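Undergrad: build me a model from this:
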Amino acid sequence: MRAERDIALCAVADAEIKSKVMNAMIQKRIPYAEEWHKVPFLRRRKYEGAKEVCIVVTHHEQADEAKAQIAALDETVSSRVYFDLKGLT
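TA: As a prediction, this is how the structure comes out:
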């Protein structure tokens, strides 16, 4: 359940990528939660054809630090993290 000050940070369609994102956040002690959302049929191409994506939720004051941690990950990981969540949340 999302608290009042929490924001949807990004979406991840692949379980392995999600695990790497979560581990990076744990290492820097950034609080997070995950929510699963169904992807509308016409938006699935953007999310690698996934029917569901994991939305990473964090406290609004930690959002910039969390984005920096994700950007610091390997390019193959960070390129599969989606920050544009239109139509999902």
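Undergrad: pull the longest helix from this protein.
TA: Secondary structure of the chain per DSSP state H: the longest helix is helix 15-27.
Undergrad: which strands or helices does that helix pack on?
TA: strand 6-12, strand 32-38, strand 52-59, helix 63-72, helix 75-78 (3 or more Cβ pairs under 8 Å, 6 or more residues apart in numbering; DSSP states H and E). C-beta coordinates here come from the backbone N, C-alpha and C atoms, glycine included.
Undergrad: how about residues contacting the fourth one?
TA: With Cβ atoms under 8 Å, 6 or more residues apart in numbering as the contact definition, helix 63-72 has outside contacts at 7, 9-10, 21, 24-25, 28, 30, 32, 56, 58, 77-78, 81, 83.
Undergrad: and if we set it to 7 Å?
TA: For helix 63-72, contacts defined as Cβ atoms under 7 Å, 6 or more residues apart in numbering pick out 7, 9-10, 21, 24-25, 28, 30, 58, 78, 81.
Undergrad: touching, E52 and V39? I think so.
TA: Yes: using Cβ atoms under 7 Å, E52 is in contact with V39, at 6.4 Å.
Undergrad: neighbour count for the two, which is higher?
TA: V39 (20 against 12; other Cβ atoms under 10 Å).
Undergrad: ok, now which ones touch the more buried one?
TA: Taking Cβ under 7 Å, 6+ apart, we find V39 in contact with 47, 50-53, 88.
Undergrad: show the buried residues in those residues.
TA: Among the contacts of V39, those buried by neighbour count (16 or more other Cβ atoms under 10 Å) are 47, 50, 53, 88.
Undergrad: mind checking the SS state of the second one?
TA: Applying DSSP: H, G, I helix; E, B strand; the rest coil to A50 yields a three-state assignment of coil.
Undergrad: distance between the ends of stretch 36-43?
TA: For stretch 36-43, the first-to-last residue distance is 15 Å (Cα to Cα, to the nearest Å).
Undergrad: err, stretch 69-82, not the other one
TA: In terms of Cα to Cα, the two terminal residues of stretch 69-82 are separated by 14 Å.
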